[in-house]
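Peer 1: for reference, the sequence and a predicted model appear below.
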Amino acid sequence: MAVTVRGRHRAFGGQVQYLAHASAEIGGEMRFAVYMPPAAERGPVPALFYLAGLTCTEETVIIKAGALRRAAEAGIALVAPDTSPRDRRFPGDDAAWDFGQGAGFYVDATAEPWRDAYRMYSYVTRELPELVAQEFPVDGARLGVFGHSMGGHGALVAGLRNPDRFRSVSAFAPIAAPMHCPWGEKAFGNYLGPDRAGWAAYDATALVSAGSRVASGILVDQGLDDQFLATQLHPDRFEAACRQAGQKLTLRRHAGYDHGYFFISTFIDDHIDHHAAVLGR
Ligand SMILES: N[C@@H](CCC(=O)N[C@@H](CS)C(=O)NCC(=O)O)C(=O)O
């Protein structure tokens, strides 16, 4: 088997597995988690990829989001990759929490030295979906993608650029215009180099303006007490681009909620239902 099982846990009649495999894109070991619902015992199920935010790992959504009960009820698998290479190391990759380890930003790096391993875009849009469809009872034609913050950015970009692969898309507090915020400028400047023309392929707002579309519509939830809202996230820019381009978007703003997993766990069922409604057909 191409995948090593590091842990297995029964949950809501299904099973959480913590896994590792040798990634060709990353050139080293990558870790990911899978939740298979009870329905997977009877045949292939749709799968929902969750891309986590800065400092997170493949365990975060499984432990903190409260997603498993609804995934079990909906008969939908969850797949959660780690947020960066860990096996391959580079000088300075642990100097900051918003770049390097735990902060792969779901791009294929083109700048030295990161280009050798930081290929998270290809990893989450191609290698991991293909591996999961091969190794688990997952219907590779019924995949969705969602995520949080850096992973919300990753989910929007993965969905907008790969409509044939990911049929449903949603995000919690995404970095919605990364070319225009400090996190994005730092990550893209280092992973992609100073030429901003190359950044637009990884900016959800720029992609919508340039014609990319998610046919099933996009769901975004945003807390209004999010400590990163004013400086980093820019949902208003994404909303304006979607309105101008005719991209269907449901952007819900929630008074009092911050950036963390209490916010995510409050609305996670709505996201799973959004994906199940598209992927169940
Ligand atoms: N370490 C940062 C916070 C990083 C952060 O908030 N990360 C978000 C994603 S962008 C997260 O989900 N953290 C993990 C958690 O809340 O469990 C800080 O000190 O301000």
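Peer 2: Great, that's in hand. Numbering: from 1, shown residues only.

Peer 1: for residue 181, see how far away the residue of the chain positioned farthest from its centre is.
Peer 2: Relative to the average C-alpha location in the chain, and by CA atoms, centre = their mean, no residue lies farther out than residue 42, which sits at 27.3 Å. Here the criterion is CB to CB, to the nearest Å. By it, residue 42 lies 45 Å from residue 181. The C-beta positions use only the backbone N, C-alpha and C, and glycine is treated the same way.

Peer 1: cool, residue 242 as well?
Peer 2: Residue 242 sits 18 Å away from residue 181, going by CB to CB.

Peer 1: who's more crowded, those two?
Peer 2: Neighbours were counted for residue 242 and for residue 181 using other CB atoms under 10 Å; residue 242 has more, 24 against 20.

Peer 1: shouldn't the more buried one be in contact with residue 207?
Peer 2: No. With contacts counted by CB atoms under 8 Å, residue 242 stays clear of residue 207, the gap being 10.7 Å.

Peer 1: which strand or helix spans residue 239?
Peer 2: helix 235-245 (DSSP states H and E).

Peer 1: give me the angle between the very next helix or strand once past that helix and helix 235-245.
Peer 2: Using DSSP H and E, the next helix or strand after helix 235-245 towards the C-terminus is strand 249-254. On the basis of axes from the mean of the first three to the mean of the last three CA atoms, to 10 degrees, strand 249-254 is oriented at 150 degrees to helix 235-245.

Peer 1: which residues does the closest residue to the ligand within the stretch 51-200 of the chain contact?
Peer 2: The nearest approach of the stretch 51-200 of the chain to the ligand comes at residue 53, 2.6 Å away (CB to the nearest ligand atom). Contacts for residue 53 were tallied using CB atoms under 8 Å, 6 or more residues apart in numbering; they are 83, 147, 148, 149, 150, 151, 152.

Peer 1: three-state assignment of the last one?
Peer 2: Local secondary structure at residue 152 is given as helix here, using DSSP: H, G, I helix; E, B strand; the rest coil.

Peer 1: can I get stretch 228-246 in PDB? Just the C-alpha atoms.
Peer 2: Provided in PDB are the C-alpha atoms of stretch 228-246 (Å, rounded to 0.1, in the frame of the first residue of the first chain):
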ATOM      1  CA  PHE A 228      -7.400  39.500  11.000                       C
ATOM      2  CA  LEU A 229     -10.400  40.800   9.100                       C
ATOM      3  CA  ALA A 230      -9.300  44.400   8.600                       C
ATOM      4  CA  THR A 231      -5.700  43.700   7.700                       C
ATOM      5  CA  GLN A 232      -5.500  40.300   6.000                       C
ATOM      6  CA  LEU A 233      -8.800  38.900   4.700                       C
ATOM      7  CA  HIS A 234     -10.500  41.400   2.400                       C
ATOM      8  CA  PRO A 235     -13.800  39.500   1.800                       C
ATOM      9  CA  ASP A 236     -15.300  42.800   0.500                       C
ATOM     10  CA  ARG A 237     -12.800  42.800  -2.500                       C
ATOM     11  CA  PHE A 238     -13.800  39.200  -3.300                       C
ATOM     12  CA  GLU A 239     -17.500  40.000  -3.000                       C
ATOM     13  CA  ALA A 240     -17.200  43.000  -5.300                       C
ATOM     14  CA  ALA A 241     -15.300  40.900  -7.900                       C
ATOM     15  CA  CYS A 242     -17.900  38.200  -7.700                       C
ATOM     16  CA  ARG A 243     -20.800  40.700  -8.100                       C
ATOM     17  CA  GLN A 244     -19.100  42.300 -11.100                       C
ATOM     18  CA  ALA A 245     -18.300  39.000 -12.800                       C
ATOM     19  CA  GLY A 246     -21.600  37.300 -12.100                       C
END
